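Enquirer: Give me a 3D structure for the following:
(chains A and B)
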2 protein chains.
Amino acid sequence: MSGTLTLVGVGPGDPELLTLKAVNAIGAADIVVYPQKPDEASLALSIGEAHISANAIRLPIDVPMKVEREPAQMAYDQIGKTISDLLAAGKSVAYLCEGDPLFYGSAMYLLERMPTANIAIIPGITSLTATASVVGRPLAARNETLKVLPAPLDSEKLIAELSQTQSAAIIKVGRHFDRVRDVLVQTGHAQNAIVVEHATQARQKITPLADFAKDERPYFSTILCYKGDEAWGK
Amino acid sequence: MSGTLTLVGVGPGDPELLTLKAVNAIGAADIVVYPQKPDEASLALSIGEAHISANAIRLPIDVPMKVEREPAQMAYDQIGKTISDLLAAGKSVAYLCEGDPLFYGSAMYLLERMPTANIAIIPGITSLTATASVVGRPLAARNETLKVLPAPLDSEKLIAELSQTQSAAIIKVGRHFDRVRDVLVQTGHAQNAIVVEHATQARQKITPLADFAKDERPYFSTILCYKGDEAWGK
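Expert: This is a model prediction of the structure:
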């Protein structure tokens, strides 16, 4: 009899944004796995921690930051093997995923490696809808196209995509901020763009793009942009 | 002292996909408002019903199906006025929204009409991530663009958007199914496209697009499509 691996979306940060299903899955797990960066508290753990059973084993895993490179691939091989062994021993394993497991999540690297395992997936609140909710602005409505654009895409691609759309969310902004700002100015989206850092967390910060000084940069953030006359937010 | 209107995302259908925050907001409301179509049980109500306080007043509202037309605009004016009066009387109002309030939701028509009200927004699990979770396939990963495309867009626009992207979700498929299928065949997305009806609900149905007979059509559905060699699902 083999156990089940549950990929649990724990949402963007506010522990109240856990679903009932996530709470139940976390509480029922024999082993709780969560990503952890060196010298940093695990966000996924902090969100789900209150619901972990007292008898459960906690298994932090080091997150490889560059998934394309060989050491990272080897790390996921290792995590996959560890979890497979636990499942073979009949254990139930919950893997805590920030946001949603299948929306730009690293859980897909596990899915690839465990094609025959019993896997359940619990969707979570994405940073996308969390960001919209704290700004109070619709992501998209009626028959609008909504584009999610990772900032590391080259500027030419970003400009091509933005020039054909009103509503977009730029994710993974990080060190690409200066370039993304230039792109948004060029495509006409800058005026109504808003930068949200750490949505729903205590350190949340909401700033219109136009209010950033030339040498100022946001941390972990999503930029919602809208080309049109309407002002952002409430 | 005026009350607060809380737009509560109740998720795609499975009542376990309510967030803790949604459960608390529903339970604390004096008035619970929910959309209801003629001769049909309200999905939003069925999801949240178990958490409504015994003392709360239930206020179903008729959903105008065509928001652009004048009767629909008048209906939203009326709902906005009713809710404003309740807030002025100090009542707390929870408005139950299927999925997420700001992801193609009708709640935006209320936001527009109540610029000075105290409004809180609780994000919900979208049909998008719910669909991905039941299929077991990533929506997007790494630096891929993800596009959400409403099916009523004209074919030329759909083809232009799809031809530049690997990962897309087609929403609001309904009566546009035949045309959307033709578009996906033309752009090369049909082979790995999968149709999900009523994700996470008891009546959920998952069907590869290729398995639909020529004269067969899905009900309320989202199509996830991916252009590439990878097979869909687990």
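
Enquirer: Can you give me the end-to-end span of stretch A:215-223?
Expert: With C-alpha to C-alpha, to the nearest Å as the measure, stretch A:215-223 spans 17 Å from end to end.

Enquirer: Sorry, slip of the keys, the one I care about is stretch A:146-158.
Expert: 14 Å.

Enquirer: Check stretch A:79-97 too.
Expert: 14 Å.

Enquirer: touching chain B at all, the helix ranked longest in chain A?
Expert: When chain A is parsed with DSSP state H, its longest helix is helix A:70-88. No: using C-beta under 8 Å from any C-beta of the partner chain, helix A:70-88 never reaches chain B; the gap is at least 11.8 Å. Backbone N, C-alpha and C define where each C-beta goes, glycine included.

Enquirer: so how far is whichever helix or strand comes after that helix off the chain centroid?
Expert: The first helix or strand that comes after helix A:70-88 along the chain, using DSSP states H and E, is strand A:93-97. Distance, stretch centre to chain centre, for strand A:93-97: 14 Å (C-alpha atoms, centre = their mean, to the nearest Å).

Enquirer: Who are the packing partners of strand A:93-97?
Expert: strand A:4-9, helix A:20-28, strand A:31-36, helix A:43-48, helix A:70-88, helix A:107-113 (3 or more C-beta pairs under 8 Å, 6 or more residues apart in numbering or on different chains; DSSP states H and E).

Enquirer: Tell me which of the ones you listed sits most buried.
Expert: strand A:4-9 (a mean of 26; mean count of other C-beta atoms under 10 Å in any protein chain shown).

Enquirer: Return the list of strands paired to it, each annotated with direction.
Expert: strand A:93-97 (parallel), strand A:118-122 (parallel) (DSSP bridges).

Enquirer: what bridges to the one residue sitting closest to the centre of chain A?
Expert: Taking C-alpha atoms, centre = their mean, the centroid of chain A lies closest to A:Gly99, which sits 4.4 Å from it. Per DSSP bridges, the residues bridged to A:Gly99 are A:Gly11.

Enquirer: Next one: it from B:Thr129, what distance?
Expert: 9 Å (C-beta to C-beta, to the nearest Å).

Enquirer: hang on, A:Thr200 in a helix?
Expert: No: counting by DSSP: H, G, I helix; E, B strand; the rest coil, A:Thr200 is located in no helix; its state is coil.

Enquirer: residues near the closest residue to it other than its chain neighbours, how many?
Expert: Nearest-residue entry for A:Thr200: A:Asp14, 3.9 Å, with adjacent residues in sequence omitted and distances by C-beta to C-beta, 6 or more residues apart in numbering or on different chains. Look at A:Asp14: counted by other C-beta atoms under 10 Å in any protein chain shown, it has 22 neighbours.

Enquirer: A:Asp14 contacts A:Gln201, correct?
Expert: Yes: if you go by C-beta atoms under 8 Å, A:Asp14 and A:Gln201 touch, sitting 7.0 Å apart.

Enquirer: ok, A:Leu5 touching A:Val93?
Expert: Yes: judged on C-beta under 8 Å, A:Leu5 makes contact with A:Val93 at a distance of 4.8 Å.

Enquirer: who touches both of those two?
Expert: Listed as contacting both A:Leu5 and A:Val93 by C-beta atoms under 8 Å, 6 or more residues apart in numbering or on different chains are A:Ile83, A:Leu87.

Enquirer: gap between A:Leu111 and chain B?
Expert: Using C-beta to the nearest C-beta, to the nearest Å, one gets 7 Å for the distance from A:Leu111 to chain B.

Enquirer: Kindly report the same for A:Ile206.
Expert: In terms of C-beta to the nearest C-beta, A:Ile206 sits 13 Å off from chain B.

Enquirer: Check A:Leu17 too.
Expert: 5 Å.

Enquirer: Hmm, that residue is touching B:Pro123, no?
Expert: Yes: counting by C-beta under 8 Å, A:Leu17 touches B:Pro123, with 6.9 Å between them.

Enquirer: could you point out where chain A is predicted with low confidence?
Expert: A:1, A:64-69, A:228-234 (pLDDT under 70).

Enquirer: Where do the domain boundaries of it fall?
Expert: A:4-125, A:128-226 (automatic domain parsing).

Enquirer: Turn these into a markdown table, columns for distance to B:Tyr104.
Expert: Output for the domains of chain A, formatted as a markdown table (distance: least, C-beta to C-beta, whole Å):
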| stretch | distance to B:Tyr104 |
| --- | --- |
| domain A:4-125 | 16 |
| domain A:128-226 | 6 |
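
Enquirer: So which of the ones you listed is nearest B:Ser53?
Expert: B:Ser53 sits nearest to domain A:4-125 of all the domains of chain A, at 17.7 Å, using C-beta to C-beta.

Enquirer: The closest one: how far from the chain's middle?
Expert: With C-alpha atoms, centre = their mean, you get 13 Å for domain A:4-125.

Enquirer: Now do the end-to-end distance for that domain.
Expert: 22 Å.

Enquirer: likewise stretch A:43-56?
Expert: Terminal-residue distance, stretch A:43-56 (C-alpha to C-alpha): 19 Å.

Enquirer: which residues sit against it?
Expert: A:8, A:10-11, A:13-15, A:18, A:22-23, A:26-32, A:34-36, A:58, A:60, A:96-98.

Enquirer: Backbone dihedrals for A:Pro208, both of them.
Expert: Note on A:Pro208: its backbone torsions stand at phi -60, psi 140 [degrees, to the nearest 10].

Enquirer: isn't it right up against A:Val196?
Expert: No: in this structure A:Pro208 lies outside contact range of A:Val196 using C-beta under 8 Å: 10.6 Å.
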